[in-house]
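Participant: next one to model:
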Amino acid sequence: MPSLDILLTFFVTTAIFAYIPGPATLYAAAQTMARGRFAGLMASLGIHLGGYVHVLAAAAGLSILFHAVPTLYLVVKLAGAAYLVWLGFTLMRAKASGDGHLPAVEAKSARRAFFESITVEVLNPKTAIFFVAFLPQFTDASAAFPVWVQFLLLGTVVNLMFSSADLVCVFLADAVVVRMRRSTRAQRLLQRAGGTVLIGLGAHLAWQRT
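Facilitator: Here you go, the predicted structure:
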């Protein structure tokens, strides 16, 4: 494995990247605002599991395809952006209940959030590019473990660190939701706010050059 100094730099850098608000944290917060804390937690779990697809792809060298075939990167990026926009409109159209639940069928919403989040993360090529660009800075070709194993180990740490930030956002968003849960009007506002965030994330992803 890399030296202790390199690993310390890796942990500090990863923590900084993880706790700077980004698309994943905003997505988890949006799901919490629109569907409740359990849905936000399931969304974070879905993002986490989807992240391992990119970790495995980076370890296998598959993520380099996005550099080699720009058209593939564009297709996947636009598919992910369109899916986010569709999810945003779906949340905005969802009916709020008047009994303090967000939305009326919370368990079903949590399951949907879980599977939707896996899809969102897998269809985000920027995550793949991040792993390909970031992890090699902290690998050592002369170490006892082969580079692909180092990719797996370091990628797992990155994924766990980013997921911890997502969980923080879920609980912070839930603190806001709890205060507004008794009002049907407030529920509708939260759902629209969550949907707007997802639509904005989709538009941002679509218009980014890289």
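
Participant: ramachandran angles for Leu123?
Facilitator: The phi and psi values for Leu123, taken as degrees, to the nearest 10, are phi -90, psi 10.

Participant: how confident was the prediction at it?
Facilitator: At Leu123, the pLDDT value in this model is 88.

Participant: quick check: closest non-adjacent residue to it.
Facilitator: Using C-beta to C-beta, 6 or more residues apart in numbering and skipping residues adjacent in sequence, the residue nearest Leu123 is Gly80, 3.4 Å away. Glycine gets a C-beta too; all of them are placed from N, C-alpha and C.

Participant: OK, contacts around the one you found?
Facilitator: By C-beta atoms under 8 Å, 6 or more residues apart in numbering, the contact list for Gly80 reads Val120, Leu123, Asn124, Pro125, Gly202, Leu205.

Participant: from what I see, the fifth one and Val85 are in contact.
Facilitator: Yes. Taking contacts as C-beta atoms under 8 Å, Gly202 lies within contact range of Val85: 3.8 Å.

Participant: these two: which has the busier surroundings?
Facilitator: Neighbour count, other C-beta atoms under 10 Å: between Gly202 and Val85, Gly202 has more, with 23 against 19.

Participant: so the residue nearest to Leu123, which of the three states?
Facilitator: helix (DSSP: H, G, I helix; E, B strand; the rest coil).

Participant: centroid-wise, who is the farthest residue in the protein?
Facilitator: Ser142 (32.9 Å; C-alpha atoms, centre = their mean).

Participant: by mean pLDDT, which helix or strand of this protein comes out lowest?
Facilitator: Counting by mean pLDDT, DSSP states H and E, the weakest-scoring helix or strand in the chain turns out to be helix 64-68, with a mean of 72.

Participant: pLDDT wise, what is the residue nearest the centre of the chain at?
Facilitator: Nearest residue to the geometric centre of the chain (C-alpha atoms, centre = their mean): Ala24, 3.1 Å. Listed pLDDT for Ala24 reads 87.

Participant: right, and it touches Gly50 too?
Facilitator: No. The criterion here is C-beta under 8 Å, and Ala24 misses it with Gly50 at 9.6 Å.

Participant: anything in contact with each of the two?
Facilitator: Contacts common to Ala24 and Gly50, judged by C-beta under 8 Å, 6+ apart, are Glu121.

Participant: after the helix or strand where Ala175 lies, next one along is what?
Facilitator: Remark: Ala175 resides in helix 147-180, with elements defined by DSSP states H and E. Sequence order places helix 184-207 as the next helix or strand after helix 147-180, per DSSP H and E.

Participant: that following helix vs helix 147-180, what angle?
Facilitator: Angle of helix 184-207 versus helix 147-180, following axes from the mean of the first three to the mean of the last three C-alpha atoms, to 10 degrees, is 150 degrees.

Participant: packing partners of helix 184-207?
Facilitator: Counting contacts by 3 or more C-beta pairs under 8 Å, 6 or more residues apart in numbering; DSSP states H and E, helix 184-207 packs against helix 23-35, helix 70-93, helix 147-180.
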